[in-house]
Every structure is written in C-alpha cells, then in structure tokens.
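Student: Here is my input, please return the structure:
(chains A, B, C and D)
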Number of protein chains: 2
Amino acid sequence: MILNLTDLSDESLQTQISRQVRAQILAGDLGAGTGLPSIRALARDQKVSVITVQRAYEHLIHEGVIHARRGKGFYVSELKMKEKIDLAESRLADQIRRPVSTAKAEGLSPDDIQRIVKLILNEN
Amino acid sequence: MILNLTDLSDESLQTQISRQVRAQILAGDLGAGTGLPSIRALARDQKVSVITVQRAYEHLIHEGVIHARRGKGFYVSELKMKEKIDLAESRLADQIRRPVSTAKAEGLSPDDIQRIVKLILNEN
DNA sequence: ACAGCTGTCTATATTGCGTATGTACAGTAA
DNA sequence: TTACTGTACATACGCAATATAGACAGCTGT
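Tutor: Below you'll find the model as predicted:
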C-alpha cells in the first residue's frame, strides 16, 4: 500500500488516507476483493495511530467502497464501473460547488471559471 | 449589511462572514471607501461574538480588500477591477485544485470534470 | 470637556475534532 | 494454542472556533 502522508497538509491524516485509498480503488488499481493492510500494520508503516487508520477505513465503509470482515481484514467491495464514476462525480460536485458558486457571486464569468478549471487540469 | 449565517454549515461563522462580505465587495455591491458595520454592531445584529466578526474582518484586511481606521471603523479598500478579478480567480483555483486533481486521479476524464463544472454553473 | 461611538488588546473558558495511547474482547487461521 | 485480525472502550492532549468580559486608545458630535 503506497501512501503519501504529511502533517504539513491542511488535510487531516485520516482524510489523506481515505482520499488516497479511495483514489486507488476508483482508478482500478485495487480490484474488488483485494485485501487492504490491517489497521495495525498500516498504522505501523505510516507511523500514525491505529485509531486514525480506523477512522479513515470507517469513512470508506460508509461510502460503500470497502467492507470489513471481523478477524480477517478489510476488503475492496464489488463496484460496477458506473458506480465508481458516479461516486467520483458526486464527490467532485460536492467539493467544488461552494467555491464555484462563490466565484460566480464574486463576479467571475462562467468562461473565466471554466478557463481556470482547464488550467488546473493541465497542471499535472 | 445583509448576511446569511447558519451554524448548521460546515463552514465556520467567521468564514461565512468573510466570504459573504468579500463577495459583495468583489461583485461591486460595496464600492471603495464604503464603511462596513462596526464589529460590535454586526456582532449584535447577527447574534455572534465580537471576536468572531473581528477575526472575519482581520482575514479580509490580510487579503487587502478592506482596512481599519482606529476609532472610526472598517472601510472597503481601493481595488482596481483587475485586482478584484485576480483575487477571485486565485481564490477559486486554490479551493478547487485538490478536488479536481483527486477526481482526475480517481479516473474522471477532463471532459467529465468540465461537464460537472458546467452543471454547477447552471444550478442557480 | 464630555459622552458615546469606534478599533485594539488581553485574559479566560467552552466545545469539538484530530490524534494518540492503551486495554480488552471477539473472530479467524495456521 | 498462538498470532494474527476487527471492534470497542476510556483517557488524554493540542488546537481551532467561539464566546464573554474587561481595559485602553482614537474619533466625533454636542
């Protein structure tokens, strides 16, 4: 499990973990049924607390992308392609809705806003 | 001063205040030199603490959109049109950069992402 | 000069979240 | 049985947001 955590981020550790694991699942890097690292192992590897990994996994369970088997571990759930796309799209919409609306209220035109999105898409 | 505050939001009160005041300034509703409500008056009107309004105004001072005159009040600063646009654009970029990058990492295509932005722009 | 506004500063307190540590219990597998 | 797993507690610390209160200093109209 390759994760990139830093406590210099404005994101909390548990948010960084769930975001990065989710990305690997939705992008198809982790297929359905794949076992995830145990909370203790991941906590040890990433040098964070067990409860932090626990919270990150709980969040992903709540979203339906993984599930737990008591005494065995956490596993990637069965997700159809459409479900993956829907999840990614609704998460994106939820996260950019307020900034985009605010920018509009601040006087930016739709063209301005779409130009900025395009710039960001070309950053990487 | 028309503000719409709620403690049900995931935004802090001071963030709601600074965002809404900033929007009125950048949109041109509040011209340069316009006096803002005193922190005590606004706190009383909006039924929040003085320190909350203080923090919100401090944030806008830091951004350069308002300034304080000791013993008199807070006033909207002189801003050229280009400065207003630049501020709004850089704020937007900062706020949507991570969600957009994440969505890309999750497998959404640039077209998908721009489609969602367009949907949000048509919501209001 | 005074009263009544204003911003500024300080101190104290509460609440909730993120994070950490530790312990205990229950299920699984070699 | 041993050594893993997830689950569930209890406790604690730091920090941010928020609140309440007071004191000080600048401005302005009377």
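Student: The longest helix belonging to chain A and DNA strand C, any residue contact?
Tutor: Looking across chain A with DSSP state H, the single longest helix is helix A:81-105. No: figure legend: helix A:81-105 not in contact with DNA strand C (Cβ under 7 Å from any atom of the strand); closest approach 14.7 Å. To be clear about C-beta, it is placed using only N, CA and C from the backbone, and glycine gets the same treatment.
Student: ok, now stretch A:59-79?
Tutor: Yes: using Cβ under 7 Å from any atom of the strand as the criterion, contacts between stretch A:59-79 and DNA strand C involve A:69-72.
Student: if I pick the residue in chain A sticking out farthest from the centre, what's in contact with it?
Tutor: Residue farthest from the centre of chain A, counting by Cα atoms, centre = their mean, is A:Gly107 at 31.1 Å. With contact set as Cβ atoms under 8 Å, 6 or more residues apart in numbering or on different chains, A:Gly107 has these partners: B:26-28, B:84-85, B:88.
Student: Tell me the one of the residues of stretch A:59-79 next to DNA strand C nearest DNA strand D?
Tutor: A:Gly71 (3.8 Å; Cβ to the nearest atom of the strand).
Student: count of residues packed around the closest one?
Tutor: 5 (other Cβ atoms under 10 Å in any protein chain shown).
Student: ok, it to B:Ala56 distance?
Tutor: 50 Å (Cβ to Cβ, to the nearest Å).
Student: ok now do the most centrally placed residue in chain A, which residues does it touch?
Tutor: Central residue of chain A (Cα atoms, centre = their mean): A:Arg19, 2.2 Å from the mean position. By Cβ under 8 Å, 6+ apart, the residues touching A:Arg19 are A:11, B:102.
Student: okay, and for chain A, where does confidence drop off?
Tutor: Across chain A, nothing is flagged by pLDDT under 70.
Student: For it, list the residues in contact with chain B, please.
Tutor: Where chain A comes near chain B, counting by Cβ under 8 Å from any Cβ of the partner chain, the residues are A:11, A:19, A:22-23, A:26-28, A:84-85, A:88-89, A:91-93, A:95-108, A:110, A:112-114, A:116-121, A:123-124.
Student: out of these, which are buried?
Tutor: A:19, A:22-23, A:26, A:84-85, A:88-89, A:91-93, A:95-100, A:102-108, A:113-114, A:116-117, A:120-121 (16 or more other Cβ atoms under 10 Å in any protein chain shown).
Student: Tell me the secondary structure of the residue of chain A at minimum distance from DNA strand C, please.
Tutor: Closest to DNA strand C within chain A is A:Gly71: 2.6 Å, counting by Cβ to the nearest atom of the strand. The three-state label given to A:Gly71 by DSSP: H, G, I helix; E, B strand; the rest coil is coil.
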